[in-house]
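Participant: quick one: sequence plus predicted model below, questions after.
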Amino acid sequence: MNATRQPADNVAPRAAVFLLLTIVGLFYVKWLPYYNRAFVAAADHTIGTSILMGAASAPPAPSWDAAFAYALAYGKAIWQAMVLGLLLGSAIQALLPVDWIARAFGKTGFGSVAVAGALSIPSMMCTCCAAPVVVGLRARQASPGAAIAFWLGNTILNPATLVFMGFVLGWNWAALRVVFGVLMVSGVGYLVNLTVTPREAAEGQAELSKLTANSEGSDSTSHPLLRWIDIFVRMAVRLIPEYIVIVLLIGGARAWLFPAISPEIGNDIGWILAFAVAGMLFVIPTAGEVPIIQAMLSLGIGVGPAVALLMTLPPVSLPSLVMVARSFRLRVLLFVAAAVVAIGIACGLLAVALNF
């Protein structure tokens with residue numbers, strides 16, 4: 001009897017550990033560095049060089065050297081946030097009561113999408129670092145739409161990036177990002193939830209019942225810290241190798257995604273479409289789109305393709321899509337990728353019409 005009551009008795013300390021990890025981790029990895037970086041953006045109107053191509057007008061030719069150079073630069077920028085993402089994604093499953101996530105985010109209406117989107121704003125992770133948290137949410141039966149809203153909101157509604165964008169690119173760029181970012185997070189998340197079939201809902205409820213039964217049975221006798229370590233290691237072993245391989249490949253082949261930048265890349269719909277697709281596939285660290293777009297604008301690129309990149313570079317990427325592939329139906333991820341591209345194209349065309 002004591003064994004079955006133990007998880008309930010330990011809810012408060014386990015939840016406190018999770019909350020402390022979240023606050024301290026985000027403060028150290030995200031909030032404090034970005035607070036300091038905002039002053040640099042305000043004073044210098046730049047936050048660094050483009051990770052895509054540096055000071056050159058084109059990315060380096062495809063090669064293993066280019067692959068390792070990009071993977072190293074990208075890894076240095078995100079490794080702390082990736083560790084935090086893995087810690088939080090595993091802590092959701094090990095420390096929080098089994099049904100908490102399902103009760104907060106499990107419904108397939110708009111409410112769970114709105115709450116998840118709002119909670120994503122202070123997280124401020126890049127799409128790949130947020131992926132382990134999304135995996136953890138889905139493992140505890142958050143609805144697909146709520147998990148997608150949290151995933152997209154981390155990047156597209158990142159308040160620090162919006163501040164950098166305002167000082168570096170202009171506040172009209174930041175305003176466009178906010179308006180269509182909210183549309184992306186809430187609209188895509190809600191539409192994903194509408195695709196949940198009764199069979200999928202029943203399967204989710206059955207999995208939740210199974211998890212609850214396990215938590216009240218043999219699993220309850222294991223120490224939460226040991227479960228946390230076990231889940232963390234299993235997530236890292238499963239997610240990190242495939243992630244590294246794809247980052248290497250896409251970093252080495254980035255010249256195939258992005259041509260040499262010049263005024264010849266204008267506001268034609270073909271260029272806007274091409275850059276929207278390339279941005280959706282490519283992977284960048286948090287706020288990496290700001291110096292990338294600043295560099296491209298200085299080389300004369302049209303505002304249409306630049307704004308398309310503004311909307312499609314951050315929210316998803318090929319590596320992050322692979323990382324969450326086991327947590328969603330394939331059709332959901334294809335829809336999310338297509339929706340991001342479509343919103344990028346619409347924003348690019350609107351920016352041209354508004355004479356950005």
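Facilitator: Yes, it's here.

Participant: ok, residue 285 - how many residues close by?
Facilitator: If you count neighbours by other Cβ atoms under 10 Å, residue 285 ends up with 20. No exception for glycine: its C-beta is placed from N, CA and C like everyone else's.

Participant: nearest residue to it other than its sequence neighbours?
Facilitator: With sequence-adjacent residues excluded and distances taken as Cβ to Cβ, 6 or more residues apart in numbering, residue 285 is closest to residue 77, at 3.8 Å.

Participant: could you measure from residue 266 over to residue 13?
Facilitator: 59 Å (Cβ to Cβ, to the nearest Å).

Participant: contact partners for the residue positioned nearest the centre of the chain?
Facilitator: The centroid of the chain falls nearest to residue 127 when counting by Cα atoms, centre = their mean (2.2 Å). Applying Cβ atoms under 8 Å, 6 or more residues apart in numbering to residue 127 gives the contacts 151, 154, 155, 283, 314, 315, 316, 317, 320.

Participant: please name the residues that touch the residue nearest to residue 285.
Facilitator: When contacts are counted by Cβ under 8 Å, 6+ apart, residue 77 is found next to 51, 285, 286, 288.

Participant: how about those residues in a markdown table, adding secondary structure, distance to residue 137 and pLDDT?
Facilitator: Putting the contacts of residue 77 into a markdown table (DSSP: H, G, I helix; E, B strand; the rest coil; distance: Cβ to Cβ, whole Å; pLDDT from 0 to 100) gives the following:
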| residue | secondary structure | distance to residue 137 | pLDDT |
| --- | --- | --- | --- |
| 51 | coil | 28 | 91 |
| 285 | coil | 22 | 94 |
| 286 | coil | 19 | 93 |
| 288 | coil | 24 | 93 |
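
Participant: out of those, give me the one that has the most neighbours.
Facilitator: Ranked by the number of neighbours (other Cβ under 10 Å), these place residue 286 first, at 27 neighbours.

Participant: in the contacts of residue 77, find the pair that's most separated.
Facilitator: 51 and 286 (11.1 Å; Cβ to Cβ).

Participant: longest helix in the chain, please.
Facilitator: Criterion DSSP state H: the longest helix present in the chain is helix 64-94.

Participant: now that helix: buried residues?
Facilitator: 66-67, 70-71, 74, 77-78, 81-94 (16 or more other Cβ atoms under 10 Å).

Participant: what about residue 266 and residue 13, which has more around it?
Facilitator: Shown here are residue 266 and residue 13; by other Cβ under 10 Å, residue 266 has more neighbours (16 against 11).

Participant: for that one, give me its contacts.
Facilitator: Contacts of residue 266 by Cβ under 8 Å, 6+ apart are 302, 304.

Participant: do residue 300 as well
Facilitator: So residue 300 contacts 261, 262, 263, 265 (Cβ under 8 Å, 6+ apart).

Participant: and the residue lying closest to the third one once chain neighbours are set aside, how far from residue 58?
Facilitator: The spatially closest residue to residue 263, leaving aside those adjacent along the chain, is residue 300, at 3.5 Å (Cβ to Cβ, 6+ apart). According to Cβ to Cβ, residue 300 and residue 58 sit 13 Å apart.

Participant: need the residues touching each of the two.
Facilitator: Counting by Cβ under 8 Å, 6+ apart, the common neighbours of residue 300 and residue 58 are residue 261.

Participant: no further queries at this time; thank you.
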